[in-house]
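Q: Model the following, please.
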Amino acid sequence: MKNPFIAGNWVRGENFLGRQQILSEILEGSGHYYWIAGTRRLGKTSLLKQLEYLTSEGEFSDNYISLFWNLQGAGDLEGLTESLLESIEDAEERFEALEIFPDSLEDATLLEMLRLLRKKAKQHQKTLLLLCDECEELINIEKQHPEIMPRLRRIFQKGDSIKTVIAATKRLLRLEQSSIPDTSPFLNGFIPPVYLKCFDLDASRQLLTRGGFSDADITEIIEKTNHHPYLMQLLSRRLFEGNDLQTVIREIGNDDMVSHFFAVDFDYLEDTEKMIIWYILIAEEITADELSKKTAIQLESLGTALHSLIQLGYLREKGNNLQIANYFFEKWLKREKEQLFKDSIYRSASGINAAALPAFSGEDSTSYVGKTLGHYNVLSILGKGGMGTVYKALDTRLERMVALKILAPAMLEESEFRERFLLEAKAASALNHSNIATIFAIEESFGLPFIVMEFIDGITLAKWRQDTDKSVLDRLKVALQIAQGLQCAHQENIVHRDIKPDNLMITADDAVKITDFGLAKMDGSNGPRLTKTGTAMGTLAYMSPEQAAGMEADTRSDIYALGVVFFELFSGELPFQSPNEAAYIYAVIHEQPRKLREVRADAPAVLETLLLKMLKKDKDERYQSLKALIADLEAILHSMQNA
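A: Numbering: from 1, shown residues only. Next comes the predicted model:
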C-alpha cells in the first residue's frame with residue numbers, strides 16, 4: 001500500500017481535509033478580500049490550492065475563475081509582474097476561455113494585467129478569485145515601490161467581480177503603516193485576519209485513520225502534535241514506513257527541518273509574546289490569572305495576546321490552564337531556551353538600585369503606602385493598571401494632595417516599558433485642557449521614576465454612570481466633555497489608546513477629567529513609537545477591531561473606544577455580549593454591535609446612529625475626527641435642551 005501521508009507539500013482534492021468553515025466563508029460569504037494568517041507549515045498554500053480546485057474543477061466552477069499567484073522570490077516590481085504572468089501561463093487553458101492569452105500580456109504592466117483579468121471575468125459573468133501566496137514578498141515591494149501599494153490594494157479590494165485572498169504569516173503586519181503620507185496602509189481592510197488554526201478532532205482522526213494505526217497510537221499522535229497538520233503528516237508518514245512510534249517521536253523531536261520552522265515562527269513573535277511563552281514554558285502550565293500577575297500584563301490585555309498565540313498554534317488551553325502548544329515545540333523551546341531568551345525583557349536588568357528601594361509590603365510586594373518618596377508621603381492606593389499603580393500622596397513642600405503613578409516592578413526591568421511610562425508624562429504634560437488631568441512633574445526617588453499628577457476628588461465614570469438619577473441629558477453633557485478633552489490630545493497628535501470608564505474621572509460638579517496616558521503614543525512618523533507592531537495594547541472591552549488584531553492604533557481607534565464607553569454610559573451594558581474573553585474578541589472583530597435602543601428604548605434615534613458610526617469595524621467608515629463627532633453631539637444636546 002502506498003504511503004497515504006504527505007509531509008511538506010501542498011495537498012488538494014481528496015487529500016485536503018478540514019477547513020470547511022473558511023472555505024465556505026470565502027466562496028459563499030459576502031466578503032471580498034481576506035488575509036489568511038498562519039504559521040509556517042500550517043497549510044496556507046494547501047488552502048489556496050483547494051480553493052483553486054473547487055473553483056476550477058469543483059462545484060464552484062460556474063461562479064468563479066481562479067488564479068493561484070505565488071509571489072515568493074519576486075523581489076521587486078518587475079519580478080512581481082513576471083510572477084503574475086507566469087501564474088496566468090500556468091492556468092493558460094482556463095484563461096483562454098476568457099479570451100486572455102499570455103503572449104499578448106508580455107508588455108503589460110502589473111496593474112494592467114490585473115485590471116484585464118477582472119474585466120474579462122466580469123464580461124463572462126464570473127468572479128475573479130485571486131489567490132495570492134507568500135505575500136510577505138510585498139514587504140520588499142513596499143520598500144522599493146511604495147507608490148504601487150495603494151493602487152494594488154484598490155484593485156484587490158475592488159469588490160465588483162473580484163475576490164482576493166492573501167496568505168502570509170504575521171510578518172505581513174510590517175505593512176500596517178504606509179510609507180506615503182495621508183495614505184491608508186496596505187493591510188487596511190484585510191484586518192482582522194482569518195486565522196488558519198490546527199485541525200479539529202474530526203479532521204485529525206480522518207487523516208490518521210488512513211494509516212491503519214491503533215486507537216492508542218492515534219490518541220498519542222494527537223496528544224503529541226496537538227492537531228498540527230504538518231507534524232501529524234510527518235509523524236504518520238514515518239510511522240507508516242514501519243518504525244516504532246516512540247522512535248519516530250524521538251527522531252522528529254531532533255529533526256533539523258522541524259527545528260528550522262519552529263525557529264522562523266518564533267522569530268516572528270514580539271517581545272511581549274516571547275515573555276508570555278517564557279513564563280508558560282517555565283511553569284509548564286499556568287492560569288491566565290497567574291500569568292497576569294507574573295508578567296504584570298493586565299488580564300484584559302493579556303487575553304488579546306493569548307487569543308492570538310492560541311489561534312496561531314503557539315499555545316493551547318487545557319481546562320483553565322495554558323500550555324505550550326505541542327510536545328515538539330515545547331521540547332525545542334527547552335533545548336534552545338538559553339539562546340532564545342537571553343536578551344529578552346524579563347531576563348534583563350535596568351540598573352535600578354533595587355536594594356535601595358523602600359521595603360515593599362503586602363502579598364504582591366508592590367505597595368508604597370506609608371512610605372516616603374522624596375517629599376511625598378504616600379497615603380493610599382487610588383487604583384491599579386497594567387503598567388503601574390496610582391497612589392494618593394501629600395506633597396509636603398506645597399502642602400497639597402497629589403496622585404503618584406509608579407511603574408509596576410516587573411516593568412522596571414525593561415527600558416522600553418520605562419520609556420513608555422515616561423512618555424505618559426511628556427505627552428499629557430503638553431496638554432492644557434480643563435477635561436484632562438494635569439501633570440505636575442516627573443520625579444525619581446531611590447532610582448524609582450514616578451509621575452506626579454493632579455489629585456482628582458471624584459469617582460470614575462464606571463461608578464458615576466450607575467446613578468439612575470442621571471438623565472440622558474446629563475450623560476450627553478459628560479460625553480461631550482470627554483470628546484472635547486480627547487480632541488485636545490488628538491490635536492497634539494497624541495493617541496490615548498486606553499480610553500475606558502476607569503480612566504475617566506467625574507468630579508462632584510460633573511466635570512470630566514481624562515487620566516492615564518500610560519499607553520499613549522505620538523501619532524505620525526516623527527513621534528516616538530514605543531509599542532511594537534502586532535502588540536495589542538489597551539483594555540479588552542474597549543479595544544477597536546484593529547487593536548484586538550494587534551494592529552497599530554490611530555485617533556480613530558480612540559473614537560471606537562469612546563463609542564464603547566458611550567454605549568455603556570447610556571445603556572449600562574457593553575455593545576457586545578460574550579461569555580468569555582476569546583468570544584468577546586471574536587465579536588469585536590466579526591460581529592455587529594447591538595443597537596442602543598434595543599437596550600435603552602428612550603434614547604434618541606440620532607444618538608443610536610452616532611454610536612453605530614463610532615463602532616464601525618472599518619476605521620475608514622467611523623468618524624474621521626472628533627471635531628465632526630463633537631458637532632453631532634452638540635446638535636443632539638441642543639435639540640434635547642430645546643425639546
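
Q: make it CA atoms for all contacts and neighbour counts henceforth
A: Will do.

Q: okay, residue 298: pLDDT?
A: pLDDT, residue 298: 72.

Q: Is there a neighbour count for residue 5? I'd like the number.
A: 19 (other C-alpha atoms under 10 Å).

Q: Equivalent analysis for residue 559, please.
A: 29.

Q: swap in the one 4 residues further on?
A: Residue crowding around residue 563 was assessed by other C-alpha under 10 Å; the count is 25.

Q: Leaving out sequence neighbours, find the closest residue to it.
A: residue 614 (5.2 Å; C-alpha to C-alpha, 6 or more residues apart in numbering).

Q: do the same with residue 124
A: Residue 124's closest residue in space is residue 98 (C-alpha to C-alpha, 6+ apart), at 7.0 Å.

Q: per-residue pLDDT, that neighbour?
A: Taking residue 98 on its own, its pLDDT is 92.

Q: mind giving me the domain split of the chain?
A: Listed by automatic domain parsing, the domain ranges of the chain are 19-195, 269-348, 354-454, 459-641.

Q: Turn those domains into CSV, including distance to residue 263.
A: As requested, the domains of the chain are exported to CSV (distance: least, C-alpha to C-alpha, whole Å):
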stretch, distance to residue 263
domain 19-195, 10
domain 269-348, 9
domain 354-454, 24
domain 459-641, 18
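
Q: Doesn't the residue nearest to residue 124 lie inside a strand?
A: No - using DSSP: H, G, I helix; E, B strand; the rest coil, the assignment for residue 98 is coil, not a strand.

Q: wait, it sits on residue 122?
A: No - Residue 98 sits out of contact with residue 122 when judged by C-alpha atoms under 8 Å, with a separation of 9.8 Å.

Q: Which of the domains of the chain sits closest to residue 7?
A: domain 19-195 (9.1 Å; C-alpha to C-alpha).

Q: next one: the closest one to chain centre, how far?
A: Centroid displacement of domain 19-195 relative to its chain, using C-alpha atoms, centre = their mean, to the nearest Å, is 23 Å.

Q: name the helices or strands packed onto the one helix or strand residue 216 maps to?
A: If you go by DSSP states H and E, residue 216 is part of helix 215-225. Applying 3 or more C-alpha pairs under 8 Å, 6 or more residues apart in numbering; DSSP states H and E, we find helix 215-225 packed against helix 201-208, helix 229-240, helix 327-340.

Q: Name the residues of the first one that are buried.
A: By neighbour count, and taking 16 or more other C-alpha atoms under 10 Å as the criterion, the buried residues in helix 201-208 are 203-205, 207-208.

Q: Closest to residue 25 out of the residues you listed?
A: Ranked by distance to residue 25 (C-alpha to C-alpha), the buried residues of helix 201-208 are led by residue 203 at 18.2 Å.

Q: My read is that that closest one contacts residue 15, right?
A: No - counting by C-alpha under 8 Å, residue 203 stays clear of residue 15, with 11.2 Å between them.

Q: how many neighbours does the residue nearest to residue 563 have?
A: Neighbours around residue 614, by other C-alpha under 10 Å: 26.

Q: got the contact list for it?
A: 559-560, 562-563, 622-623 (C-alpha atoms under 8 Å, 6 or more residues apart in numbering).

Q: Serialize those to CSV and add fields for secondary structure, pLDDT and distance to residue 47.
A: Listed next are those as CSV, based on DSSP: H, G, I helix; E, B strand; the rest coil; pLDDT from 0 to 100; distance: C-alpha to C-alpha, whole Å:
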residue, secondary structure, pLDDT, distance to residue 47
559, helix, 97, 36
560, helix, 96, 33
562, helix, 97, 38
563, helix, 97, 37
622, coil, 96, 33
623, coil, 96, 37
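
Q: Strands along the stretch 101-250 of the chain, start to end?
A: Assigned by DSSP state E, counting those that start in this stretch, the strands in the stretch 101-250 of the chain fall at 127-133, 162-168, 194-195.

Q: pLDDT (mean, whole number) over the first one?
A: Pointing back at strand 127-133 there. Mean predicted lDDT for strand 127-133 stands at 97.

Q: Give me the contacts around that strand.
A: Under C-alpha under 8 Å, 6+ apart, the answer for strand 127-133 is 44-45, 48, 52, 63-72, 117-118, 121-122, 161-168.

Q: Same check on the last one?
A: Strand 194-195 has contacts (C-alpha under 8 Å, 6+ apart) with 34-38, 311-312.

Q: One more: stretch 242-252?
A: So stretch 242-252 is contacted by 217, 235, 238-239, 258, 328 (C-alpha under 8 Å, 6+ apart).

Q: possible to save those as TSV with pLDDT and distance to residue 10?
A: Output for the contacts of stretch 242-252, formatted as TSV (pLDDT from 0 to 100; distance: C-alpha to C-alpha, whole Å):
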residue	pLDDT	distance to residue 10
217	96	25
235	95	17
238	92	18
239	94	20
258	91	17
328	96	22
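
Q: which pair in those spans the largest distance?
A: Between any two of the contacts of stretch 242-252 (C-alpha to C-alpha), the greatest distance is 20.9 Å, for 217 and 258.

Q: tell me the contacts of residue 189?
A: 33, 157, 618.

Q: What of residue 31?
A: 25, 163.

Q: ok but it is inside a helix, no?
A: No - remark: residue 31 does not belong to a helix; assigned using three-state DSSP, it is coil.

Q: Check which residues of stretch 400-408 are buried.
A: Those would be 401-408, for stretch 400-408 by 16+ other C-alpha under 10 Å.

Q: That stretch - what's its average pLDDT?
A: Stretch 400-408 comes out at a mean pLDDT of 87.

Q: Kindly format the C-alpha coordinates of it as PDB.
A: C-alpha atoms of stretch 400-408 as PDB (Å, rounded to 0.1, in the frame of the first residue of the first chain):
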ATOM      1  CA  ARG A 400      -1.400  69.800  48.600                       C
ATOM      2  CA  MET A 401      -2.800  66.400  47.700                       C
ATOM      3  CA  VAL A 402      -1.400  64.800  44.600                       C
ATOM      4  CA  ALA A 403      -1.500  61.500  42.700                       C
ATOM      5  CA  LEU A 404       1.600  59.500  42.100                       C
ATOM      6  CA  LYS A 405       1.900  56.900  39.300                       C
ATOM      7  CA  ILE A 406       4.600  54.300  39.800                       C
ATOM      8  CA  LEU A 407       5.600  51.700  37.300                       C
ATOM      9  CA  ALA A 408       4.900  48.100  38.100                       C
END
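
Q: Quick one: distance of it to the chain centre.
A: For stretch 400-408, the distance to the chain centre is 31 Å (C-alpha atoms, centre = their mean).

Q: Ok, stretch 555-569 next?
A: With C-alpha atoms, centre = their mean, you get 18 Å for stretch 555-569.

Q: Show residues contacting that stretch.
A: Counting by C-alpha under 8 Å, 6+ apart, 465, 475, 479, 483, 490, 494-501, 523, 541-544, 546-547, 573-575, 596, 611-612, 614-616, 619, 622-626 sit against stretch 555-569.
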